[in-house]
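Undergrad: A structural model of the following input is requested.
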Amino acid sequence: MRQSLGFSMTRPVPSALWGVWAIPPGNPIAFLPFGGIGDAMPPRPHPYAFPVYMPSDSEGLFGRQCPTCRRYWRDGGVGVVAVCPYCGDRFGSHFCITEGQMRYIQAYVALFAEAIDSEVEGTYTLNMDEVAETVSRPNQRPSYFFAEEAQQNKFRCKECGGTNDILGTTGYCARCGTRNDVEWLERTRLADIRQRLHSGQTAPSDCVRDTVSAFDSTVRQIVQQLIRHVPLIPARRSALEVSYHSLDKVAVAITSAFGIDLLEGLSGSDQQFVVRMFHRRHVYEHNGGIVDEKYLADTGDNVRLGQALSEDVESAQRLTELVARMVRNFVAGFHQLIPPREEPISWEQEKQKRMQEFRSRQGRSA
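TA: As a prediction, the model looks like this:
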């Protein structure tokens, strides 16, 4: 008896599919790629493997769970490899199945096996519209029910175009492994600081403090990932246990441990300025803006002991620009040590090239 697979939906929302090969009673063993129209089914990786196709949620996204850290995220559909946005580990995407998806796969394989074994021709259905309709009725949900959960920060990767939805603010793109630290810092943290600075909502000295704190949290997270993925001798690891508010010390520690120069491309005067401003943050945060002996010893600034420091809009703005440059340096160096996956980036570049050529042709023909 001949079998065929078909899919339909009636809800007016975005939808997509991704597939795995699974063996009874429903164990995923390999990613199942989609072919083009008329393409033959790829060869089975196992004699008893069934093709299983899973639907996206109503935003066209798919839930994933990391086998290492067990944390959950959503993405727009990955290929053979998935990158955990939180810990950066890379897996075959069929290893990132959630518990709900596993129930669906088991029900799907059981139904497929029933159809193959049956001597009666007919249609065998897993009704996903029924699943969608029972979200708010737990007692009426089918056994294969699963629902994805929106997280906190949905972002589009600037390198491969992949959509990610993660808990927290920064992480790896699940498709290619590019980190989003620079985009988050510049478009969210620093953009907010600059808006408050130029509107007069926040004093320049407070903006200095907030800018250094943004640098601290961003660089600290990247360092944690490097420590996790890059082997270090104990002396280099302990050298990283410095205050991230002391730019001169943390810059030396990062260069020593990883060979990454945070200050690359900054002029001598810019370096002196940004180091001094980081020390000023300590004065604003812990000493009410009054110069103490530690500040004078650390900076050699031409001010007097007991003097009240002050900032202007221009110096606070300059600090935000230099902090952004330092973080860009750090992320660039990070990806020299932990390169993103080239394949999805190349796909996106080729797609953008074709789209640009199409727009050019349309413009010439108009």
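
Undergrad: a strand runs through residue 19, doesn't it?
TA: Yes: secondary structure of residue 19 (DSSP: H, G, I helix; E, B strand; the rest coil): part of a strand.

Undergrad: distance of it relative to residue 51?
TA: Counting by C-beta to C-beta, to the nearest Å, the gap from residue 19 to residue 51 is 6 Å. Placement of C-beta: from N, CA and C, glycine included.

Undergrad: shared neighbours of these two, which are they?
TA: residue 32 (C-beta atoms under 8 Å, 6 or more residues apart in numbering).

Undergrad: count the neighbours of the residue lying closest to residue 72 once chain neighbours are set aside for me.
TA: Leaving aside its chain neighbours, residue 72 sits nearest to residue 65 (5.2 Å; criterion: C-beta to C-beta, 6 or more residues apart in numbering). Applying other C-beta atoms under 10 Å, we find 18 other residues in the vicinity of residue 65.

Undergrad: is it true that residue 65 touches residue 95?
TA: No: the criterion here is C-beta atoms under 8 Å, and residue 65 misses it with residue 95 at 9.3 Å.

Undergrad: circling back: pLDDT wise, what is the residue nearest to residue 72 at?
TA: pLDDT recorded at residue 65 is 96.

Undergrad: do the same with the one 4 residues further on
TA: As summarised for this prediction, residue 69 has a pLDDT of 97.

Undergrad: number of residues surrounding the nearest residue to it once chain neighbours are set aside?
TA: The shortest distance from residue 69 to any non-neighbouring residue, by C-beta to C-beta, 6+ apart, is to residue 87 (4.5 Å). Residue 87 is flanked by 18 other residues according to other C-beta under 10 Å.

Undergrad: over to residue 66?
TA: Neighbours around residue 66, by other C-beta under 10 Å: 21.

Undergrad: roughly how far apart are it and residue 345?
TA: 22 Å.

Undergrad: could you do residue 241 as well?
TA: Residue 241 sits 34 Å away from residue 345, taking C-beta to C-beta as the criterion.

Undergrad: so which of these two has more stuff around it?
TA: Per other C-beta under 10 Å, whichever of residue 241 and residue 345 has more neighbours is residue 345, with 20 against 7.

Undergrad: any idea which element the more buried one lies in?
TA: Per DSSP states H and E: residue 345 is located in helix 342-365.

Undergrad: so residue 59 belongs to a strand, correct?
TA: No: counting by three-state DSSP, residue 59 is not part of a strand but coil.

Undergrad: what are the contacting residues of the helix holding residue 345?
TA: Taking C-beta under 8 Å, 6+ apart as the rule, helix 342-365 contacts 79, 159, 160, 161, 162, 175, 176, 178.

Undergrad: need the nearest residue in space to the fourth one, chain neighbours excluded.
TA: Leaving aside its sequence neighbours, residue 161 sits nearest to residue 348 (C-beta to C-beta, 6+ apart; 4.4 Å).

Undergrad: report how many residues lie close to that neighbour.
TA: Neighbours of residue 348 using other C-beta under 10 Å come to 18.

Undergrad: same deal with residue 268?
TA: With other C-beta under 10 Å as criterion, residue 268 counts 8.

Undergrad: start at 554, not 1
TA: All right, first residue 554 from here; so that's residue 821.

Undergrad: re earlier: avg pLDDT for the helix holding residue 898?
TA: In this model, helix 895-918 has a mean pLDDT of 89.

Undergrad: which stretches in the protein count as helices?
TA: In chain order, the chain shows helices spanning 652-670, 681-686, 734-737, 744-752, 757-782, 787-792, 800-811, 821-839, 846-852, 866-890, 895-918, with DSSP state H as the criterion.

Undergrad: so where's the chain uncertain?
TA: Residues of the chain that meet the criterion pLDDT under 70 lie in 554-568, 588-591, 631, 670-700, 919.

Undergrad: residue 796 touches residue 802, doesn't it?
TA: Yes: assessed by C-beta under 8 Å, residue 796 is found in contact with residue 802 at 6.8 Å.

Undergrad: can you tell me what sits against stretch 706-717?
TA: Residues from elsewhere that reach stretch 706-717 (C-beta under 8 Å, 6+ apart): 614, 626-629, 631, 638, 718-722, 724, 726-729, 731, 733, 736-737, 893-894, 897-898, 900-901, 904.

Undergrad: before we move on, the earlier item: look up how far residue 628 lies from the residue nearest to residue 625.
TA: Residue 618 is 12 Å from residue 628, by C-beta to C-beta.

Undergrad: number of residues surrounding residue 652?
TA: Residue 652 has 10 neighbours, counted by other C-beta under 10 Å.

Undergrad: ugh, typo on my part, it should be residue 669
TA: Residue 669: 11 neighbours (other C-beta under 10 Å).

Undergrad: need the helices of the chain in TSV (columns: distance to residue 610).
TA: Below are those laid out as TSV (distance: least, C-beta to C-beta, whole Å):
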stretch	distance to residue 610
helix 652-670	11
helix 681-686	9
helix 734-737	24
helix 744-752	30
helix 757-782	28
helix 787-792	41
helix 800-811	38
helix 821-839	43
helix 846-852	52
helix 866-890	30
helix 895-918	21
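
Undergrad: for those, which one sits closest to residue 701?
TA: helix 652-670 (8.1 Å; C-beta to C-beta).

Undergrad: who are the packing partners of the closest one?
TA: strand 570-576, strand 603-608, strand 615-618 (3 or more C-beta pairs under 8 Å, 6 or more residues apart in numbering; DSSP states H and E).
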